[in-house]
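Enquirer: quick one, fold the following:
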Amino acid sequence: MPSLRHAPVADITDAALAQRVQHQLDHKTKPLGSLGQIEALALRLACILGTETPRLQQPQMLVCAADHGLAARGVSAYPSDVTWQMVENFLAGGAAVSVLARQHGLALTVVDCGVAHDFTPRPGLLIRKIAHGTADATTAPAMTLAQCQQALDNGAEIVRQLPGNVLLLGEMGIGNTSAASLLLSRLCVLDIADCTGAGTGLDAPGVQRKIDVLRQVLQRHAGATDPADALAALGGFEIATLTGAVLEAAAQRRVVVVDGFITSAAVLVAARLQPAVLQRCVFAHRSGERGHALMLAALQATPLLDLGLRLGEGSGAALVWPLLESATRILAEMASFESAGVSRAETPEAGCVVKSA
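Expert: Prediction:
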């Protein structure tokens, strides 16, 4: 199968910049390293944006929605109609991600990537429907290569039309934890049982049925081993659209804020296509969904939060947004020992280790 077209993503490693930013952080009025992950986050944001004074501008929450033919196999506790009903809820402002986006001033864009429903056009909704849901992956590839390419192209085009330098990822699609589990299993060579959880709330027998179905899918598409093949055979329209969005955002050197299990699956595919994508990513949280810890380990990612979230939608990405703002403010506004006229500690007992200027 030919490779999918996508934006090239350059390595942005800049050791000199990283050293300058770390020097700034080490000389703030605090014990060395005492702001923990916030310091690491500030350094990461500076390196992504290529400046010692990073500023986050016009953050965009992108929620991609689609249906999955595999849902007919009973892999979810909810019917597929919930996908389109939740899209309506997003647009009406009643979903968790809608509330959180409103609270934090995040622009929310919802994309119909392949929902099995026809929506009335309105502000805040982009209709980029490829089909009314993917095919049942137990009988055929979820997408044709052409459909998968169109989804990637759609994601890239959407990002090109959005302002700002931060993209927060969200999704909706009954059955999409199955697609994410399949991609994790295939691309990381893990047993599907270890990658599969309850999703929207399956009981133990339901999870076992789900595992059995997903094992059947993997057997049918045993030859789909590279990222392009795996995405087309196993993924969803929303995951492929998010993959294209991630690749484009990374190429533009935007900060990419990754939500939970499903959006991490899109990042996994994007990173297998262009490894430097991961240099641009901030991982919001560790999901309660089984498999996400394995996904994060495969991506060598340290999430900022671990709250037992498993809602999706982009809710975790929205919740972590204030931490990103705080990290940039610490870097820009917090005084140094020298500028504040504050004496440094001289001994470990005083609470910090002396570091020479």
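
Enquirer: CA atoms only for the host helix or strand of Val111, dumped as PDB, please.
Expert: Assessed by DSSP states H and E, Val111 sits inside strand 107-114. The C-alpha trace of strand 107-114 is given here as PDB (Å, rounded to 0.1, in the frame of the first residue of the first chain):
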ATOM      1  CA  ALA A 107     -12.200  28.600  20.900                       C
ATOM      2  CA  LEU A 108     -14.200  25.300  20.300                       C
ATOM      3  CA  THR A 109     -14.500  23.900  16.800                       C
ATOM      4  CA  VAL A 110     -16.500  20.600  16.300                       C
ATOM      5  CA  VAL A 111     -15.900  18.600  13.100                       C
ATOM      6  CA  ASP A 112     -18.200  16.100  11.600                       C
ATOM      7  CA  CYS A 113     -15.600  13.700  10.100                       C
ATOM      8  CA  GLY A 114     -18.000  10.900   9.500                       C
END
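
Enquirer: pairing partners for that strand, with directions?
Expert: According to DSSP bridges, strand 107-114 has the following sheet partners: strand 60-66 (parallel), strand 125-127 (parallel).

Enquirer: can you list the weak-confidence ranges in the stretch 251-357 of the chain?
Expert: Residues of the stretch 251-357 of the chain that meet the criterion pLDDT under 70 lie in 346-357.

Enquirer: show me where it has strands.
Expert: 255-258, 281-283 (DSSP state E, counting those that start in this stretch).

Enquirer: okay, those in JSON lines with mean neighbour count and distance to Thr13 next?
Expert: To be clear about C-beta, it is placed using only N, CA and C from the backbone, and glycine gets the same treatment. Compiled in JSON lines, those are given as follows (neighbours: other C-beta atoms under 10 Å; distance: least, C-beta to C-beta, whole Å):
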{"stretch": "strand 255-258", "mean neighbour count": "28", "distance to Thr13": "16"}
{"stretch": "strand 281-283", "mean neighbour count": "24", "distance to Thr13": "15"}
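
Enquirer: Throw those strands into JSON lines and include distance to Glu52, thanks.
Expert: Formatted as JSON lines, these follow (distance: least, C-beta to C-beta, whole Å):
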{"stretch": "strand 255-258", "distance to Glu52": "16"}
{"stretch": "strand 281-283", "distance to Glu52": "18"}
